[in-house]
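Enquirer: just to be clear, the model below is a prediction. Sequence and coordinates:
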Amino acid sequence: MVIDHVGYIFFQGLTPLHLIGRLSFPLFVWLLVQGEQHTRNFQRYALRLLGLAIASQPIYQLAFDAQDLNVLFTLLTGLGCLRLGQLRPAFQGLVWLGGAGLAEFGQFNYGGYGIAMIALVGHYKPTVLWWAVWIALSGCTVLWWPDGWQALAGIAAIAFPLANQQRGPKGRWFYLFYPLHILIIWLVHQMAIA
């Protein structure tokens, strides 16, 4: 993610940096799914993510000249869908469709694709069917991003079976890294061009 953001802010158009960055979103999704499963206080987790999403937005817009909502809003929506889908399994399909619609029409970074990825990772099972759907979702990204870079995100799933499924160390402020690293990269860039 850092390499990707350095590429966007310092070296517009330097493809290798963006290609490496494509791996970060699925890994963040994996961590979100694990966090939802192992959190002791879902409400605090969601509120922390909401607070960081709101705090990150002006930094995100400034650094990337973006009009959409940053990726933390997508992760927050996915977190809500994960929990609501568990609480109301009969309505799980509607929950995920609603989350994808919200992300798409609310102009969240990664949009409906991001929510679909969270849904798929939330239902991860190392089966042929799961991998087929994962590969199909990764392949469909060329419809949304004609440059084809996002399709490389599918490679990140190779790391999923390596996880031990156990609760890791507390990472309450893990997502704080997102706005801080963007702010630092942007400030360094401003000093470099001054």
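Expert: Received the coordinates, thanks. All figures in this text were calculated on a predicted structure; none of them were measured in a lab.
Enquirer: burial of residue 136, as a residue count?
Expert: Other residues near residue 136 come to 11 when the count uses other C-beta atoms under 10 Å. For glycine as for every other residue, the C-beta is placed from the backbone atoms N, C-alpha and C.
Enquirer: can you list contacts of the helix or strand bottoming out on mean pLDDT in the chain?
Expert: Every helix and strand of the chain was ranked by mean pLDDT, DSSP states H and E. The lowest is helix 15-21, at a mean of 71. Residues external to helix 15-21 that are found in contact with it (C-beta atoms under 8 Å, 6 or more residues apart in numbering): 1, 3, 4, 5, 6, 7, 8, 11, 149, 152.
Enquirer: low-confidence ranges, this structure, go.
Expert: The model of the chain has pLDDT under 70 over residues 13-15, 17, 142-149, 163-173.
Enquirer: which residues of it fall in helices?
Expert: 2-10, 15-21, 24-38, 42-64, 71-87, 92-105, 111-122, 128-144, 177-193 (DSSP state H).
Enquirer: which non-adjacent residue is nearest the spatially most central residue of the chain?
Expert: With the centre of the chain defined as its mean C-alpha position, the nearest residue by C-alpha atoms, centre = their mean is residue 25, 4.2 Å away. Residue nearest to residue 25 in three dimensions, not counting chain neighbours: residue 153, with 5.9 Å by C-beta to C-beta, 6 or more residues apart in numbering.
Enquirer: same check, this time on residue 99
Expert: Nearest residue to residue 99, sequence neighbours excluded (C-beta to C-beta, 6+ apart): residue 81, at 4.0 Å.
Enquirer: who's in contact with that neighbour?
Expert: Under the criterion of C-beta under 8 Å, 6+ apart, the contact list for residue 81 reads 95, 96, 98, 99, 115, 118, 119, 122.
Enquirer: number of residues surrounding the residue nearest to residue 5 when sequence neighbours are not counted?
Expert: Nearest non-adjacent residue to residue 5, counting by C-beta to C-beta, 6+ apart: residue 185, 5.6 Å away. A total of 18 residues lie near residue 185 under the criterion other C-beta under 10 Å.
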